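*Asks:* Quick one, structure for this:
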Amino acid sequence: MKCKVCGAESGQYVLCRECNEKKNKGEIIKCKIRNEWHYKDESCKNKTSQVKPEEMVDTVEENNTTENNNIAVDNEKYLYEVKKSLITQKEISYYDAIKKVMPEGYNIFPQINLATFIERTDDSRFHNELFRNVDFLITDSEYKPCIIIEINDQSHLTNERKKRDEKVGKICEEAGIPIIKLWTSYGINSDYIGKKISDTLATLPVKRVCHSKVDKEQPETTNNKTNKGCYIATCVYGSYDCSSVWVLRRFRDEVLSNSILGRAFIKVYYRISPIIVQYLGNFKLFKDFCKYPLDLMVEYLKNKGFEESPYTD
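*Replies:* Have a look, this model is predicted:
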């Protein structure tokens, strides 16, 4: 795309980098009459004469409406956007039902990250397995976590979601916090929900079960996938199952493995990367050195449409 002011290459943006900087300084503006970008001190009279009176009226009215609604007239694409709601309409219905039957003195919080109320007891630098949300968390009056409530629909029957739920279940079982699962197929039964909460609270504290087998001397490099493990990326990010590694694994399987050069790269990578990790994987300098280019690569792939959702290969 050409820059709307100077005509230089601007990629996918309306203005090139130099003109965008001038825009931020107020030197370049967007004309409200012509709806075009130009220098602030540049006259619009010549261009205005080419506009039909009825078009000018329509444009002015449109701009006034836009300003009144506090909507920025801008063709730029934003990387981040606020969600319309923290929870879905179905979850709102359950939230309201749970609040009505919850014993006095307890609190309920929606969409809580595991890392908010569970912490690892070792000195691991990365805690990627805790980067998962639960639907609701119930705490006592002093905000001590007591119960997790998960709202399950048909998506929880898929193999990938089952693995995720199993992982969350083991983490919570080891931490000593019970999970109540409510299936949407049964509808919202307030009496049943209230009884489940009361019965579960009566069992606290629950017996904890140790599922972890942590080897502090070796990073989790292959996750039992000796032929397809992302050795260096896993070493850098601390887990084979985290958002950044999921992006890289998708790129490997969907792009690299489909070309001769890509397959050759994969073959060489799996031959030398385990050796590199074996000798350098425990050095912070090595991880920091690799993390920056990997972060750039991951961000580039995400912009190209590669998802960072859980991935099974």
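*Asks:* Quick check: Cys172 is in a helix.
*Replies:* Yes - when DSSP: H, G, I helix; E, B strand; the rest coil is applied, Cys172 is found to be in a helix.
*Asks:* In this structure it contacts Ile112, no?
*Replies:* No - the criterion here is CB atoms under 8 Å, and Cys172 misses it with Ile112 at 11.8 Å. All C-beta atoms are positioned from the backbone trio N, CA, C, and that covers glycine.
*Asks:* Tell me, how many residues neighbour Ile28?
*Replies:* Around Ile28 there are 21 other residues, counting by other CB atoms under 10 Å.
*Asks:* How about the contacts made by Leu248?
*Replies:* Applying CB atoms under 8 Å, 6 or more residues apart in numbering, we find Leu248 in contact with Cys230, Ala233, Leu294, Met297, Val298, Leu301.
*Asks:* circling back: who has more neighbours out of Cys172 and Ile112?
*Replies:* Taking neighbours as other CB under 10 Å, Cys172 and Ile112 compare with Cys172 leading, 22 against 18.
*Asks:* which residues touch Arg161?
*Replies:* Per CB under 8 Å, 6+ apart, neighbours of Arg161: Ser155.
*Asks:* give me the element it is part of.
*Replies:* Take DSSP states H and E as the rule and Arg161 turns out to sit in helix 159-175.
*Asks:* Assign a three-state SS to Phe109, would you?
*Replies:* What three-state DSSP gives for Phe109 is strand.
*Asks:* Look up how far Ile148 lies from it.
*Replies:* 10 Å (CB to CB, to the nearest Å).
*Asks:* again with Tyr192
*Replies:* Taking CB to CB as the measure, Tyr192 falls 17 Å from Ile148.
*Asks:* neighbours of the nearest residue to Asn20 once chain neighbours are set aside, just the number please.
*Replies:* Among residues not flanking Asn20 along the chain, Tyr13 sits closest, at 7.1 Å (CB to CB, 6 or more residues apart in numbering). As a burial measure, Tyr13 scores 16 neighbours (other CB under 10 Å).
*Asks:* so what's Val101 closest to, chain neighbours aside?
*Replies:* Spatially, and ignoring its direct neighbours in sequence, Val101 is nearest to Gly194 (3.2 Å; CB to CB, 6+ apart).
*Asks:* between Tyr192 and Ile148, who's got more neighbours?
*Replies:* Neighbours were tallied for Tyr192 and for Ile148 using other CB under 10 Å; the higher tally belongs to Ile148 (23 against 14).
*Asks:* The more buried one touches Gly176, doesn't it?
*Replies:* No - the criterion here is CB under 8 Å, and Ile148 misses it with Gly176 at 11.5 Å.
*Asks:* Pull out the buried members of the contacts of Leu248.
*Replies:* Taking 16 or more other CB atoms under 10 Å as the criterion, what is buried in these is Cys230, Ala233, Leu294, Val298, Leu301.
*Asks:* show me what contacts the first one?
*Replies:* Read it as Cys230. For Cys230, the contact set (CB under 8 Å, 6+ apart) comprises Tyr240, Val245, Leu248, Arg249, Arg252.
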